[in-house]
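Engineer: Below: sequence and its predicted model.
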Amino acid sequence: MLASNAMGHRAFVLLAFGVCAPALACTTSPPPSVASSSPPAAETTITEPPAAGTCTTAQALEITLACNAGLVVRSGETSVLVDVIYGESFPGFTINSPQQREAIDQGAAPFDDVDVVLATHHHADHFDAEMVGAYLMRYPAVHFVSTQAAVDLVLATLPVDHGADGRLHGYGFEQGSASVEHLELGAVGIDIVELRHVGDQPTPNVGFVVELGGQRVLHVGDTLVAGEAFPIAALGRIDVALMPYWYLLDETSATFLGTVLDPPHLVPMHLPAIPEDEAGQAEYRELRQSIEDQFAATRWLDQPNQSESVCPS
């Protein structure tokens, strides 16, 4: 099903990767309406025991979009930033606004209570070495986990007496190895998996399974890896999958996601900027609808600081 839909979205995908439009700062303008989508639920006070299939705020895992592929995973007073700290973007995609950058730097909500910062790879729309280095100096209890290439770039920005060696965790997997390592950092468990970067470029890319509050969240970075090259047996259960939108439009990858990974909750990420013109918005609605038609578990986060609460399965 997605194979034909992907072909129908060719013009939109080319727009997203085009070289004419500049990268856009995240804004709070509403997305073009989609019949099957719903606005974020308003905050409520639970006065009765939660019904079946629901949970209390304390039990829920909160997923918040920063911009692009940057997301915050929170349980209680522990948060993990994934691909949030970056300073540039590519044409057709979004970048953190000045207000978001200030909130990240100052540890303001929703970027507060951070224990771990993750970066899937060192491309400029996922990671900035100087910004990560400055963040680690500002918050001396925070750990950074990424590829060894990204860690080396951060080290090059730090003073000689930085004292952060024990908080920098770099992984130098052989590309295509699908290797998996595990790391425990306080209340956060992390599986780090080698997943080849989409396209022919040799950029090291890792995926993360973040275990927090009893739930497991997968963030794959920039990849199309599926099938035997994806070590699902080593990763185990996935409760929430954060997947780049092109993964959901590729027939092989989408089939693997739906039949093998089969997450109860799916959040498309690395979405193109919502176009301002009517024709572009129509393409965006079509993109969303095609993904929703294939994946009933889809939850949309396409506005800055927009959140979804996920209850344990």
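Structural biologist: Done, it's in.
Engineer: how close does residue 257 sit to residue 286?
Structural biologist: Noted for residue 257: a distance of 20 Å to residue 286, by C-beta to C-beta, to the nearest Å. C-beta: built from backbone N, CA, C; applies to glycine.
Engineer: the more surrounded of those two?
Structural biologist: residue 257 (25 against 15; other C-beta atoms under 10 Å).
Engineer: How about the contacts made by the more buried one?
Structural biologist: 226, 241, 243, 247, 248, 263, 266, 295 (C-beta atoms under 8 Å, 6 or more residues apart in numbering).
Engineer: Tell me where the longest helix sits in the chain.
Structural biologist: helix 278-294 (DSSP state H).
Engineer: low-scoring stretches of the stretch 51-200 of the chain, by residue?
Structural biologist: Scanning the stretch 51-200 of the chain with the threshold set as pLDDT under 70 gives 51-54.
Engineer: all strands for it, in order.
Structural biologist: Taking DSSP state E, counting those that start in this stretch as the criterion, the stretch 51-200 of the chain contains strands spanning 61-65, 71-75, 78-82, 94-95, 114-118, 143-147, 168-171, 180-185, 188-194.
Engineer: Any buried residues in stretch 290-299, and which?
Structural biologist: By 16 or more other C-beta atoms under 10 Å, the buried positions in stretch 290-299 come out as 290, 291, 292, 294, 295, 298, 299.
Engineer: so the last one makes contact with residue 264?
Structural biologist: Okay, so that is residue 299. No: here residue 299 does not reach residue 264: they are 10.4 Å apart, not a contact under C-beta atoms under 8 Å.
Engineer: Identify the residues contacting the closest residue to residue 264 other than its chain neighbours.
Structural biologist: Nearest non-adjacent residue to residue 264, counting by C-beta to C-beta, 6 or more residues apart in numbering: residue 313, 5.0 Å away. When contacts are counted by C-beta under 8 Å, 6+ apart, residue 313 touches 215, 239, 264.
Engineer: So which of these is surrounded by the most neighbours?
Structural biologist: residue 215 (23 neighbours).
Engineer: Can I get the contacts of residue 313 in TSV including distance to residue 55, secondary structure and pLDDT?
Structural biologist: As requested, the contacts of residue 313 are arranged in TSV below (distance: C-beta to C-beta, whole Å; DSSP: H, G, I helix; E, B strand; the rest coil; pLDDT from 0 to 100):
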residue	distance to residue 55	secondary structure	pLDDT
215	11	strand	96
239	12	coil	96
264	13	coil	95
